[in-house]
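1. I need the structure of the sequence given here:
(one chain, ligands or ions: 1)
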Amino acid sequence: AQQLPAPITSASKLQSQKHQLYLMKDGESSRGHGVVVGFLKVGYKKLFLLDRNGVHIEVEPLCVLDFYVSELLQRHGYGLELFNFMLQHQNVEPVLMAYDRPSNKLLAFLAKHYSLMQSVPQS
Ligand code: ACO
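-> You can find the predicted model right below:
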């Protein structure tokens with residue numbers, strides 16, 4: 001979806017990293033075998049970020065690391081359902097999270113659902 005050179009989420013990587021994966025599945029499709037609708041991976045990361053004034057700060061926010069909804073199912077509200085579930089489970093607000101290289105779709109998603117429009121791009 002983003003023309004990345006390699007997958008950034010895999011079962012083996014998840015075993016070695018302390019990230020959490022939220023999976024949404026449609027249990028009835030594929031003759032009852034189920035299909036994955038989308039997933040959202042988050043994790044805490046120690047980061048040196050620039051604040052609005054260009055000052056470096058050290059923080060350890062919960063980060064959105066990988067977020068994907070199956071191509072044909074995008075723009076049906078599944079991403080929002082997944083994201084809201086994660087927010088509730090982690091007890092965190094979107095404005096307090098960091099977003100790892102957000103795509104234009106993710107930026108539009110955050111603006112639409114959480115009124116997050118002013119980001120501070122990092123190096
Ligand atoms: N173009 C522009 N905005 C989009 C698009 C698109 N093709 N798809 C979704 N959006 C945004 C819009 O704000 C849209 O509202 P609108 O239809 O009224 O314009 C809103 O998301 C729709 O919300 P949902 O239906 O809840 O979102 P969706 O189920 O599509 O999930 C997601 C959002 C995960 C970003 C999905 O579109 C996707 O998988 N995109 C491709 C992969 C991607 O870009 N992932 C983010 C990578 S960055 C990272 O993971 C840190």
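2. mind checking the SS state of Phe67?
-> strand (DSSP: H, G, I helix; E, B strand; the rest coil).
3. got the buried residues for stretch 8-24?
-> Neighbour counts over stretch 8-24 (16 or more other Cβ atoms under 10 Å) mark 9, 19-20, 22, 24 as buried. Where you see a C-beta, it was placed from the backbone N, CA and C, and this is true even at glycine.
4. Also within reach of the ligand: list those from those residues.
-> For the ligand, no contacts are drawn from the buried residues of stretch 8-24 by Cβ under 6 Å from any ligand atom.
5. can you tell me how far Leu65 sits from the ligand?
-> Taking Cβ to the nearest ligand atom, to the nearest Å as the measure, Leu65 falls 6 Å from the ligand.
6. Could I get the contacting residues of that residue?
-> 8-9, 19, 41-43, 100 (Cβ atoms under 8 Å, 6 or more residues apart in numbering).
7. Repeat that for Tyr44.
-> Contact analysis of Tyr44 by Cβ under 8 Å, 6+ apart lists 18, 60-63.
8. Farthest out from the centre of this structure, which residue is that? Tell me.
-> Farthest-out residue of the chain from its mean C-alpha position, per Cα atoms, centre = their mean: Arg31, at 29.3 Å.
9. tally of neighbours for Val69?
-> 24 (other Cβ atoms under 10 Å).
10. Of the buried residues of stretch 8-24, which belong to strands?
-> Under the assignment DSSP state E, the buried residues of stretch 8-24 contribute 20, 22, 24 to strands.
11. could you say which helix or strand contains the residue of the chain found nearest the ligand?
-> Residue of the chain nearest the ligand, by Cβ to the nearest ligand atom: Gly79 (2.2 Å). According to DSSP states H and E, Gly79 maps onto helix 78-90.
12. what does the following helix or strand past that helix contact?
-> As assigned by DSSP H and E, the chain's next helix or strand after helix 78-90 is strand 98-99. Strand 98-99 has contacts (Cβ under 8 Å, 6+ apart) with 45, 47, 49, 59, 61-64, 106, 110, 119.
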